[in-house]
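Engineer: I'll drop the sequence and a predicted model, then ask my questions.
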Protein chains: 2
Amino acid sequence: MKLSKKGEYALRALIDLGIAGEVGRELVQVTELSDKESIPAKFLEQIMQELKSAGIVVAQRGKFGGYHLARPASEITIGSVVRLIDGPLAPIGCVSHTAYEKCSCPDEEHCGLRMLMLDVRNAIAGILDRYTLADVVEVTLRKLRRDALPLPFATPRSAVRREPVKSTVASRRTARTAVPRRLVPVEGLLSQLLPDYTI
Amino acid sequence: MKLSKKGEYALRALIDLGIAGEVGRELVQVTELSDKESIPAKFLEQIMQELKSAGIVVAQRGKFGGYHLARPASEITIGSVVRLIDGPLAPIGCVSHTAYEKCSCPDEEHCGLRMLMLDVRNAIAGILDRYTLADVVEVTLRKLRRDALPLPFATPRSAVRREPVKSTVASRRTARTAVPRRLVPVEGLLSQLLPDYTI
DNA sequence: TTTTTTCATACTAAATTAGTAGGATTAAAT
DNA sequence: ATTTAATCCTACTAATTTAGTATGAAAAAA
């Protein structure tokens, strides 16, 4: 039930971009991300490319370029990122919603294992499709502030000399107000750390 | 978040052994299992070997030999089987209970991703460690009976000419009475299909 | 003694994972 | 215009994992 390193790196980088947006930083370069997270720079470069192609991040080329989120962090679910990089969330193909595949078993309708794995897939998707980058950014910032630690990306590596590139939408809309919570049953550690968890 | 084919095959075979025990069949051979589930026989043979080494099944060698569960199906959790064959349930090492591994991130204590993945690992383990082979056997048999389908392993391939080999414990104790349900929150499809789900 | 099963070990082809390498392109600064 | 520093693009690769095959020995029943 593993998440690949690539998937982990993608999420780490995106969370960092979310944090950067939250502290007013407009662009972050691959080397900053790879330094902070100890990710091989060239590997992360590839990953950022995939995220760009998928429309999750936007790049600014050239000197003093870098990346930022293409949409508000509250509109990027963790599940969508994991699916993009690592494929379906379901443990076996015959219970995948996004990539169903008939399994080898003789009778899917009477397969107890399938029922069980459907529960697992729903449990995973219930979490990863519910939470967004904004949620993870929020708990991270909350913890850092609680312990009075310096926030990452607070000081731009090179002074902010760029015009507000395209739109500051990302940095404004990250607050979790507009997007309604989707489902009812809320449990787990993250939900307890988030302020407005509906029940 | 995939379960390997090997893990899937192991679970299918074990569920079949559980069903066999439930319908009074004492031994099942690899070829029967591999036929029924369309698993390459030699591959399944290897898998059964691992399950034997782990003390999950017991083998009877020689002509008219075969396998049966080493313990009551109600005492074999799905999680223990998946961990044996596929390793830890946790998506990343730093949230694994059974195989913790320090992750590359600079500060585990303030890592939002880790919190999230801990929720995921708890959700997965909450299901796979809660349910046993007996549960899966039960929903399977329930569905087959509901649709008036023939139960597998009801007719022994070769007549039952063997003495009650070691103990009939497995076939007697499979009823889910002795083992108490472990946790409180019960949801998902499987729990709804099981009769005595506590809440 | 034959048959039929598990047991044990070795091997392998294909896919996936986790990267490296090298340069082309773009844009800001000088 | 030239230099510098960033992303972009493509190809390659080493190691590991996955999903098996292959071959035969050992055991037990007939």
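Structural biologist: That came through fine.

Engineer: neighbours of the closest residue to DNA strand C within chain A, how many?
Structural biologist: Relative to DNA strand C, the nearest point of chain A is residue A:62 (2.1 Å; Cβ to the nearest atom of the strand). Every C-beta, even on glycine, is put in place using the N, C-alpha and C of the backbone. Neighbourhood size, residue A:62 [other Cβ atoms under 10 Å in any protein chain shown]: 7.

Engineer: that one should be in a strand, yeah?
Structural biologist: No - according to DSSP: H, G, I helix; E, B strand; the rest coil, residue A:62 belongs to no strand; its state is coil.

Engineer: please name the nearest non-neighbouring residue to residue A:128.
Structural biologist: Nearest in space to residue A:128, with sequence neighbours left out and distances taken as Cβ to Cβ, 6 or more residues apart in numbering or on different chains, is residue A:79 at 3.7 Å.

Engineer: got it, and residue A:122?
Structural biologist: In space, residue A:122 is closest to residue B:188, 6.7 Å off (Cβ to Cβ, 6+ apart).

Engineer: how close does the one you found get to residue B:128?
Structural biologist: 12 Å (Cβ to Cβ, to the nearest Å).

Engineer: up against DNA strand D, what does chain A have?
Structural biologist: Contact residues, chain A versus DNA strand D (Cβ under 7 Å from any atom of the strand): A:29-31, A:42, A:45-46, A:48-49, A:52, A:59-67, A:158.

Engineer: quick revisit: return the residues in contact with the residue nearest to residue A:122.
Structural biologist: Contact analysis of residue B:188 by Cβ atoms under 8 Å, 6 or more residues apart in numbering or on different chains lists A:119, A:122-123, B:127.

Engineer: what's the pLDDT at it?
Structural biologist: On the pLDDT scale, residue B:188 is placed at 86.

Engineer: right, and residue A:14 touches residue A:76 too?
Structural biologist: Yes - assessed by Cβ atoms under 8 Å, residue A:14 is found in contact with residue A:76 at 7.0 Å.

Engineer: need the residues touching each of the two.
Structural biologist: Residues touching both residue A:14 and residue A:76 (Cβ under 8 Å, 6+ apart) are A:56, A:69, A:133.

Engineer: ok, the first one - contacts?
Structural biologist: In other words, residue A:56. Contact analysis of residue A:56 by Cβ under 8 Å, 6+ apart lists A:14, A:69-71, A:76, A:80-81, A:84.

Engineer: any idea which helix or strand in chain A has the lowest mean pLDDT?
Structural biologist: Every helix and strand of chain A was ranked by mean pLDDT, DSSP states H and E. The lowest is helix A:169-173, at a mean of 41.

Engineer: pull out the buried residues from stretch A:31-43.
Structural biologist: A:32-34, A:36-37, A:39 (16 or more other Cβ atoms under 10 Å in any protein chain shown).

Engineer: ignore what I typed, I meant stretch A:57-75.
Structural biologist: A:57-60, A:66-75.

Engineer: now stretch A:18-33
Structural biologist: For stretch A:18-33, a neighbour-count test (16+ other Cβ under 10 Å) marks A:18-22, A:25-30, A:32-33 as buried.

Engineer: for residue A:39, give its distance to chain B.
Structural biologist: Using Cβ to the nearest Cβ, to the nearest Å, residue A:39 is found at 8 Å from chain B.

Engineer: now that residue: closest residue in space that isn't a chain neighbour?
Structural biologist: Spatial nearest neighbour of residue A:39, chain neighbours left out: residue A:9 (4.9 Å); criterion: Cβ to Cβ, 6+ apart.

Engineer: so that neighbour belongs to a helix, correct?
Structural biologist: Yes - applying three-state DSSP, one finds residue A:9 inside a helix.

Engineer: in helices only, show me the contacts of residue B:188.
Structural biologist: Judged by DSSP state H, the contacts of residue B:188 include A:119, A:122-123, B:127 as members of helices.

Engineer: to what extent is residue A:147 buried, counted in neighbours?
Structural biologist: By other Cβ under 10 Å, 10 other residues sit near residue A:147.

Engineer: max pairwise distance over the contacts of residue B:188: which two?
Structural biologist: In these, two members sit farther apart than any others by Cβ to Cβ. They are A:122 and B:127, at 9.3 Å.
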